[in-house]
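Novice: need a structure here:
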Amino acid sequence: MRYSIMLQIVGIITFTLVSTAALFAWLQNRDIGQPKTLEKEILDSKSYALTEEEEEWEENYVI
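Specialist: Below is the predicted model:
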């Protein structure tokens, strides 16, 4: 009887550890796409034309 309970406990713990490892492996390997950079997000949010000063600054200082 004791052996049966011990076997069940070991089985449950093993199953939990293996399923958790599989979940984390799946999370790390899934494709989440290209993350947006802050600069791209700011440029995408602009809905107005740049002034001449802003265009000049962008040409000279933005990489």
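
Novice: where does the prediction get shaky in the protein?
Specialist: For the chain, the stretches with pLDDT under 70 are 34-50, 62-63.

Novice: buried ones in the longest helix seen in it, by neighbour count?
Specialist: Longest helix of the chain, by residue count under DSSP state H: helix 2-29. Counting neighbours by 16 or more other Cβ atoms under 10 Å, one finds that helix 2-29 has no buried residues. (Each C-beta comes from the backbone N, C-alpha and C, glycine too.)

Novice: helices or strands up against it?
Specialist: On a contact count with 3 or more Cβ pairs under 8 Å, 6 or more residues apart in numbering; DSSP states H and E, helix 2-29 meets no helix or strand.

Novice: SS state for residue 33?
Specialist: Look at residue 33: counting by DSSP: H, G, I helix; E, B strand; the rest coil, its state is coil.

Novice: switch to numbering from 261
Specialist: Renumbered: residue one is now 261, and that last one reads residue 293.

Novice: that one: neighbouring residues, count only.
Specialist: Residues lying near residue 293 (other Cβ atoms under 10 Å) number 5.

Novice: go on, residue 290?
Specialist: Residues near residue 290, counting by other Cβ under 10 Å: 7.

Novice: from residue 279, how far out is it?
Specialist: From residue 290 across to residue 279, the span is 17 Å (Cβ to Cβ, to the nearest Å).

Novice: same check, this time on residue 271
Specialist: Note on residue 271: its distance to residue 279, by Cβ to Cβ, is 12 Å.

Novice: what's the answer for residue 321, then?
Specialist: Applying Cβ to Cβ to residue 321 and residue 279 gives a distance of 52 Å.
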